[in-house]
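# below: sequence and its predicted model.
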Amino acid sequence: MQELTHYINGAHVKGTSGRFADVMNPATGEVQAKCPLASAEELDQAVKHAAAAQPAWAATNPQRRARVLMRLVDLLNRDMDKLAEALSREHGKTLPDAAGDVQRGLEVVEYCIAAPQLLKGEFTDSAGPGIDMYSMRQALGVTAGITPFNFPAMIPMWMFAPAIACGNAFILKPSERDPSVPLMLAELAEEAGLPKGILQVVNGDKEAVDAILQHDVIQSVGFVGSTPIAEYIYATGCANGKRVQCFGGAKNHMIIMPDADMDQAADALIGAGYGAAGERCMAISVAVPVGDETADRLIEKLVPRIEKLKVGPYTSGKDVDYGPVVTAAAKANIERLVQTGIDQGAELVVDGRDFKLQGYEDGFFVGPHLFDRATKDMDIYKQEIFGPVLTCVRAQSYEEALGLAMDHEYGNGTAIFTRDGDAARDFANRINVGMIGINVPIPVPLAYHTFGGWKKSVFGDLNQHGPDAFKFYTRTKTVTARWPSGIKEGGEFSIPVME
Ligand code: NAD
């Protein structure tokens, strides 16, 4: 059995806590590796190395720091296939989807190459007589991030690329379900020239997370994962005086107007609802057709497309649309929620419950499901299922459809499919959700914009990547400077006002 490690101060280090998590092969249901779960002492070791290495890294000029990121981009491209394979093996997603996971993170590294420009600060010449004023963006020091299982390459890169570009040291606590790619990323960063101790990986569970939240030296905590944990980490981190940003769960609605291109809408729903087995925070899990006729046309288009979906292991290559879900517990939770849908009266139009794959009977595969005529009081509508289950809630008007999405507790992403520019514009203006697609089903912003939801999908005020990340990972220091001629005129005893 492979025993995975931590990555501390430039070396793979075995866990010493004696506690391990099983890393599964989701396609076969077998345990394929043991992931060490760090104790507070192990986390403290990493923090000490980070604190020792960080001042010299912060003092390295931003252009040189950016050059490390440039080389990292080359190395990520060089090792793309290797990274995608390792990712699929532990997560279960298809190889093209795994490569997309790496690619979307790589694009954030590319964006961070602009660190010299993004960190330039501000300068006011002659803010007062003989007085200049300037603002600097300085690194926080030792920073940390806690990431979910579903994007084990992209989300760590969302965090560590801007953190290190700004001159911080970063400690990553990845998901214990698929920790291999984060370890590979730390190795690659060092091969790219990153000094030891600037990017470390401490594997673990709640114990390591609590140690991060309680450690005095750690200045900021980034989190992506489920909403209850996001709320806990935000509250605890803030109470401990840290800068915290937490991104939580989602229930993303797609509104289909009567004038939408129904083939385009159905294709979009298939990719956005069932891709990655629905294990995406930007998956569309609720379809809201406006009017019964629209709903009937949509269901008619969806059913044959869903029946054609190919579910299988990533090793079957391009022949597979989506793979297994991540654990037996995730599969059981999906099955439980599907049963509540049936019990609470939704119509199960496509029933994936009996799905079996020959040779992979113990894998965590879930067949595709489609519910119609669900209502907003049902659990399948209220809760995040995080599986290949699309729920259709019929609305009788645009206002009712808009109101549904607005009333839902989550507000990560949403989409509208229509040919009417006025409806699309009204939707984008009024909806209380962070990321909006207009005839685009998964509106994940590119690296140079920012990513973030609203409502219970986020805790904190700055988004991920883009310009917000450079704000999150730096503190502003503003200097007001006057040189000796000013001093000659004697002291000032009242509060200075710029005239
Ligand atoms: P999760 O909340 O179970 O785990 C996320 C991280 O928190 C992991 O590193 C885990 O080890 C840690 N953790 C788990 N339980 C903890 C506890 N009790 N105390 C402290 N730390 C704990 O989430 P997951 O299952 O890995 O990921 C799926 C969830 O993440 C979904 O809800 C999905 O919507 C969400 N997600 C959100 C975004 C976003 O940007 N909003 C992106 C991806 C995933």
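Yep, it's here.
# run a quick neighbour tally on the residue of the chain found nearest the ligand.
Distances between the chain and the ligand by C-beta to the nearest ligand atom are smallest at Gly225, namely 2.7 Å. C-beta coordinates here come from the backbone N, C-alpha and C atoms, glycine included. Applying other C-beta atoms under 10 Å, we find 21 other residues in the vicinity of Gly225.
# ok, the one 3 residues further on next?
As a burial measure, Pro228 scores 11 neighbours (other C-beta under 10 Å).
# offset the numbering so it begins at 37, please.
That works, and once the first residue is 37, the last one we named lands at Pro264.
# my guess is it is in a strand, correct?
No: counting by DSSP: H, G, I helix; E, B strand; the rest coil, Pro264 is located in no strand; its state is helix.
# the residue of the chain closest to the ligand contacts Pro184, doesn't it?
Yes: Gly261 is in contact with Pro184 according to C-beta atoms under 8 Å; the separation is 4.3 Å.
# between the two, which contacts overlap?
Between them, Gly261 and Pro184 share these contacting residues under C-beta atoms under 8 Å, 6 or more residues apart in numbering: Ser211.
# got the residues of the stretch 337-486 of the chain near the ligand?
Of all the residues in the stretch 337-486 of the chain, those in contact range of the ligand (C-beta under 6 Å from any ligand atom) are Glu420, Phe422, Asn448.
# okay if I get the residues you listed as TSV plus secondary structure and neighbour count?
As requested, these are exported to TSV (DSSP: H, G, I helix; E, B strand; the rest coil; neighbours: other C-beta atoms under 10 Å):
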residue	secondary structure	neighbour count
Glu420	coil	21
Phe422	coil	24
Asn448	coil	25
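# can you put those in a markdown table and add pLDDT?
Formatted as a markdown table, the entries for those read as follows, by pLDDT from 0 to 100:
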| residue | pLDDT |
| --- | --- |
| Glu420 | 98 |
| Phe422 | 98 |
| Asn448 | 98 |
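# tell me which parts of the stretch 87-236 of the chain are close to the ligand?
When proximity is defined as C-beta under 6 Å from any ligand atom, the stretch 87-236 of the chain approaches the ligand at Ile182, Thr183, Pro184, Phe185, Asn186, Phe187, Lys209, Ser211, Glu212.
# in a strand, the fifth one, correct?
No: the secondary structure assignment for Asn186 gives coil rather than a strand, going by three-state DSSP.
# residues contacting it?
Counting by C-beta under 8 Å, 6+ apart, Asn186 touches His127, Ala312, Glu315, Arg316, Cys317, Val362.
# swap in 7 Å and give it another go.
Going by C-beta atoms under 7 Å, 6 or more residues apart in numbering, Asn186 touches Glu315, Arg316.
# can you check the third one too?
Pro184 makes contacts with Ile191, Ser211, Val260, Gly261, as judged by C-beta under 7 Å, 6+ apart.
# hmm, 6 Å instead?
Contacts here follow C-beta atoms under 6 Å, 6 or more residues apart in numbering; on that basis Pro184 touches Ser211, Val260, Gly261.
# which residues in the stretch 337-486 of the chain form strands?
When assigned using DSSP state E, counting those that start in this stretch, the strands of the stretch 337-486 of the chain occupy the ranges 383-386, 405-408, 425-428, 446-447, 449-453, 471-474.
# which one of the ones you listed lies nearest to Cys202?
strand 471-474 (24.2 Å; C-beta to C-beta).
# pLDDT on that closest one, on average?
In this model, strand 471-474 carries a mean pLDDT of 98.
# outside of it itself, list whatever touches it.
Gly449, Thr450, Ala451, Ile452, Ala460, Ala464, Pro479.
# turn these into TSV, including distance to Val178, neighbour count and pLDDT.
Formatted as TSV, the contacts of strand 471-474 follow (distance: C-beta to C-beta, whole Å; neighbours: other C-beta atoms under 10 Å; pLDDT from 0 to 100):
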residue	distance to Val178	neighbour count	pLDDT
Gly449	32	30	98
Thr450	37	32	98
Ala451	39	29	98
Ile452	43	30	98
Ala460	45	20	98
Ala464	39	14	98
Pro479	34	18	93
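# among those residues, which pair sits farthest apart?
The widest separation within the contacts of strand 471-474 (C-beta to C-beta) is 15.2 Å, between Gly449 and Ala460.
# the contacts of Pro184 in strands, which ones?
Of the contacts of Pro184, the ones assigned to strands by DSSP state E are Val260.
# the most centrally placed residue in the chain sits in which helix or strand?
A centroid search over the chain (C-alpha atoms, centre = their mean) returns Ile191, at 4.6 Å, as the residue closest to the centre. With elements taken from DSSP states H and E, the one containing Ile191 is helix 190-201.
# pull out the buried positions in that helix.
Taking 16 or more other C-beta atoms under 10 Å as the basis for neighbour counts, the residues of helix 190-201 that come out buried are Met190, Ile191, Pro192, Met193, Trp194, Met195, Phe196, Ala197, Pro198, Ala199, Ile200, Ala201.
# give me the contacts around the longest helix belonging to the chain.
For the chain, the helix reaching the highest residue count under DSSP state H is reported as helix 76-95. With C-beta under 6 Å, 6+ apart as the test, helix 76-95 has contacts from 44-45, 175, 177-178, 203, 205, 207, 231, 233-234, 236, 238, 244, 247, 251, 253.
# and what of stretch 426-436?
By C-beta under 6 Å, 6+ apart, the surrounding residues in contact with stretch 426-436 are 309, 322-324, 326, 331, 406-408, 410, 416-417, 437.
# what's the answer for stretch 440-460, then?
Judged by C-beta under 6 Å, 6+ apart, the contacts made with stretch 440-460 from elsewhere in the structure are 286-293, 295-296, 301, 317-318, 324, 463, 467-469, 471-475, 477, 479, 489-493.
# can you check stretch 125-140 too?
The contact list for stretch 125-140, computed with C-beta under 6 Å, 6+ apart, reads 59, 62, 116, 119-120, 123-124, 187, 189-190, 214, 216, 312, 350, 356, 359-360.
# now, of those residues, which are buried?
Judged by neighbour count, with 16+ other C-beta under 10 Å as the criterion, the buried members of these are 59, 62, 119-120, 123-124, 187, 189-190, 214, 216, 312, 350, 356, 359-360.
# of the contacts of stretch 440-460, buried ones?
Buried subset of the contacts of stretch 440-460 (neighbour count, 16+ other C-beta under 10 Å): 286-293, 296, 301, 317-318, 324, 463, 467, 469, 471-473, 477, 479, 489, 491-493.
# buried sites along stretch 205-221?
Burial within stretch 205-221, assessed by neighbour count using 16+ other C-beta under 10 Å, is assigned to 205-221.
# what does the average pLDDT come to for it?
Mean predicted lDDT for stretch 205-221 stands at 98.
# got a list of contacts for that stretch?
When contacts are defined by C-beta under 6 Å, 6+ apart, stretch 205-221 is touched by residues 40, 43, 57, 71, 82, 86, 89-90, 119, 122-123, 126-127, 178-185, 188-189, 192, 196, 199-200, 234-241, 244, 362.
# how long is it from one end to the other?
The first and final residues of stretch 205-221 sit 15 Å from each other (C-alpha to C-alpha, to the nearest Å).
# same question, stretch 178-188
The distance separating the two terminal residues of stretch 178-188, taken as C-alpha to C-alpha, comes to 21 Å.
# for that stretch, the distance to its chain's centre please.
Stretch 178-188 has its C-alpha centroid displaced from the chain centroid by 8 Å (C-alpha atoms, centre = their mean, to the nearest Å).
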